[in-house]
Every structure is written in structure tokens, then in C-alpha cells.
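**Student:** Generate coordinates for the sequence data below:
(one chain, ligands or ions: 1)
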Amino acid sequence: MRKTLIVEDEEKIREVIVAYLKRDGFETTETGSGNEALHEVSKNTFDLMILDLMLPDMNGEDVCQQVRATCPMPIIMLTAKASINHRIHGLSIGADDYIVKPFDPNELIARVRTVLRRTNPQELLAERMEYGEGRLIIDNQAKMVFVKNEAIGLTPSEYRLLLVMARNTDRTFSREKLIELVMGYDFDGDARIIDQHIKNLRQKIEDDPKKPSFIQTVFGTGYRFHGGSQ
Ligand code: CA
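**Tutor:** Below is the predicted model of the structure:
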């Protein structure tokens, strides 16, 4: 399990980040204090730190620099400061990425995965995701999907479609966006081909394809993947 340290003094934001990371299978340690964060880093090993720039006891940039001096873990900085100068400065003191508040938690999780992949290529291979309390497992190392612990056969397009949606749980995709992500930009067929792939996927992964719990229809918009247990 990947271990993350979340340093953010705004409790509501911290809770949302922790909830999203946990849902995506990360282990989380949280604090609202820069000093506590440094203490945590000195006694534990983390795979990634999410660090707010404005902390009550310390400047996030100082925390970043002090961590950087001793520890190679990737750091994503959170900030309300959107100016390009702050962005460049944040990256120059050793942050690996920068995200500006307010942000979409899904976007943050996507950045976390990207940063981990970039800093540790094994991350991409080792990706394994569980949904619905283990009812659905996507093992991207083996390129296999399991439903209730039984391997199911998917076509390459179905697999890519499921992977794209599952990596972005609760994000609504239009058919056109899914076409672009799954079939490529130059696909010039009917976008409704996605409907057929979704139908096939539901037959294979849902308990009741007519009342899907994972792949949900968003009327008038497209589809989204729900990773919860209901
Ligand atoms: Ca803050």
C-alpha cells in the first residue's frame, strides 16, 4: 500500500483529500502543522507528500525545502496563489507538482498517480484497483479483471474503457471524450459505439446489468464509474 502524508490545516480540505486517497487504496497520515509534518517524515517513510503552502506554524515552502534536503519522496504543493511566479518558485524549491485551490479532488488524485508513475515507473505496472468491497478487481499488471474473484474476458476496447473510467471514479465522461480516450482522436465512427461497449461491460461486471452499480448512466451527458459498494 502506498503511504501518503497530507499536510493541510484546513480541516475540510484535508478530510476530502484523505477520503479520496483512501478510496483509491492509499494509506494516509494527516496533519495540519508543518512541524508535525517534519516530525512524521523523520520517523516514517512515505511514498508521497501533499503539502499546503500556507500553514499556521510554518511556511509550506520551508517544509518542502527541509524535507527535500533529506528525503527523495515526491511532493505535490497545494496553494491558493495562482501566479506563475509562485508556481515556478514552488517547483524550483523541489515540489514535483503544484495544484491551485480550489481544485477537483479527482484532479488531485490523477496528479498523485502521475507523479508516482513519473518518479517510480513500477507504479504503472503495479496498479491494482479494487471496487465494491473487492467485488471488482482490475489488475493492470496482469491486464486482468476479476468479478467476485473470477477472471472475466474483456476485449481490448472494453478493458481500456473500464480502466479509463475506473482511474477517474465519479467523473462523468461524454461519449465523445470516451471515444477520444479509448479509440483515439482519429476515430471517425459513431460515438454510440461507446454505448455498445458499455452494454457489454455491464453484462460482464455488474450483478444486475439493468441496475448497474459500477458503470452509471448520467442522463443527457454520458457515463461515470462509481467505485462504492452499493
Ligand atoms: Ca492553509
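
**Student:** Show me what stretch 154-167 is in contact with.
**Tutor:** Stretch 154-167 has contacts (CB atoms under 8 Å, 6 or more residues apart in numbering) with 110, 113, 129, 131, 138, 140, 143, 145, 171, 173, 178, 181-183, 194, 197-198, 200-201, 204-205, 215, 223-225, 227. Glycine gets a C-beta too; all of them are placed from N, C-alpha and C.

**Student:** Kindly report the same for stretch 203-221.
**Tutor:** By CB under 8 Å, 6+ apart, stretch 203-221 touches 131-132, 135-136, 145, 147, 152-154, 158, 162, 165, 172, 174, 198-199, 201-202, 223-228, 230.

**Student:** again, but for stretch 59-79
**Tutor:** With CB under 8 Å, 6+ apart as the criterion, stretch 59-79 contacts 7-8, 13, 34, 37-38, 41-42, 45-55, 86, 89-90, 93-101, 103, 108, 111-112, 115-116, 118-119.

**Student:** Which of the residues you listed fall in strands?
**Tutor:** V7, L48, M49, I50, L51, D52, D97, Y98, I99, V100 (DSSP state E).

**Student:** so what's the fourth one up against?
**Tutor:** Under the criterion of CB under 8 Å, 6+ apart, the neighbours of I50 are T4, L5, I6, V7, E8, I17, I75, I76, L78, L108, V112.

**Student:** do you know how far it is from the ion?
**Tutor:** 12 Å (CB to the ion, to the nearest Å).

**Student:** The last one too?
**Tutor:** When CB to the ion is the yardstick, V100 and the ion sit 13 Å from each other.

**Student:** Surely that residue and L108 touch.
**Tutor:** No - counting by CB atoms under 8 Å, V100 does not reach L108; the two are 10.8 Å apart.

**Student:** buried set for stretch 182-202?
**Tutor:** Going by neighbour count (16 or more other CB atoms under 10 Å), the buried part of stretch 182-202 is V182, M183, A191, I193, I194, H197, I198, N200, L201, R202.

**Student:** Determine which two of those residues are furthest apart.
**Tutor:** By the measure CB to CB, M183 and R202 form the most distant pair in the buried residues of stretch 182-202, at 18.8 Å.

**Student:** residue ranges with poor pLDDT in the protein?
**Tutor:** 81-93, 120-126, 184-188, 228-230 (pLDDT under 70).

**Student:** Point out the residues in it that sit beside the ion.
**Tutor:** Applying CB under 5 Å from the ion, one finds that the chain approaches the ion through D9, D52, M54.
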